[in-house]
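Chemist: can you look at this prediction? I've put the sequence above it.
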Amino acid sequence: MSLLTSLIRASTQFQQALEKRPAPDQSGKDAAAKAERAQPQPAGNPGDDRFTPSGETVADQALQKSRKLSMAEYKQTVGQDLAFVRETLRHKLAEYNLQPATGLSVSRNESGTVQVAGQIREQTRAAIETDLNVNRNFKDALGRLSINEPTLGFMDNALKLNQAYGVNNPLLDTLVSENQQFNGLQDLVHRYDSLRRSANAEQLETAGPARGYAFNLNARA
């Protein structure tokens, strides 16, 4: 059983346990006895198996962790690479006298070579591809985007669902560390990639974007 499957199953079992808890009996001495047993015990007492002394639920703790993520800072970091890649491609369109609205798609293969696709002449496409492959700054920026943007997209979507519908994503909970010093973008990217590698292809469909990445300029819907 993969780690991702275990996380999802644990989250589901916890939610079902909460829903199946019987309502307290409010009649006579039984109600009084149950009310007394329900009083919070001092932390460390025998039988105290709560996650926190405050009685917060797992979902509450996960939400507090995720709210501390520096999403604005992450987006700014990724945005710098996005802007650089976008402007480089626009300059290439102008350099080869192509229409500014021409659609281009750039990606990297396993060896790191930049590949270009688009509705343009093959000779022009090959020339642009060659230019981009000798542009070290462009290759580095595209390489960072290929691993940073999918992770950021997953976290952003998971947080929006959490805030809008109260839906807790166990994968996001696993990515986020209790220690904020270990919640840098590269820390999160590394954990996300490790978890994806531990899951099979079917499970990845619900975990976030596929590993393959391409940047599309002037893409048509």
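Modeler: That came through, no problem. Everything numeric in this text was worked out from a predicted model, so none of it was measured. Numbering: from 1, shown residues only.
Chemist: pLDDT-wise, which helix or strand of this protein ranks last?
Modeler: helix 201-207 (a mean of 47; mean pLDDT, DSSP states H and E).
Chemist: counting contacts, what elements does the helix or strand following that helix pack onto?
Modeler: Remark: after helix 201-207, the chain's next helix or strand is strand 214-217, criterion DSSP states H and E. In terms of contacts (3 or more C-beta pairs under 8 Å, 6 or more residues apart in numbering; DSSP states H and E), strand 214-217 is packed against helix 71-95, strand 104-108. The C-beta positions use only the backbone N, C-alpha and C, and glycine is treated the same way.
Chemist: residue 155: which of those is closest?
Modeler: If you check each of those against residue 155 by C-beta to C-beta, helix 71-95 wins as the nearest, at 7.2 Å.
Chemist: quick one: average pLDDT of the closest one?
Modeler: Averaged across helix 71-95, pLDDT comes to 95.
Chemist: and stretch 112-131, which residues are buried?
Modeler: Using 16 or more other C-beta atoms under 10 Å as the test for burial, stretch 112-131 gives 114, 116, 118, 120, 124, 125, 127, 128, 129, 131.
Chemist: follow-up on the earlier one: return the most buried member of the helices and strands packed on strand 214-217.
Modeler: Counting by mean count of other C-beta atoms under 10 Å, strand 104-108 has the highest mean neighbour count of the helices and strands packed on strand 214-217, with a mean of 19.
Chemist: any idea which element residue 171 lies in?
Modeler: Secondary structure from DSSP H and E places residue 171 in helix 170-175.
Chemist: residue 217 and residue 100 touch, don't they?
Modeler: No - taking contacts as C-beta atoms under 8 Å, residue 217 lies outside contact range of residue 100: 9.9 Å.
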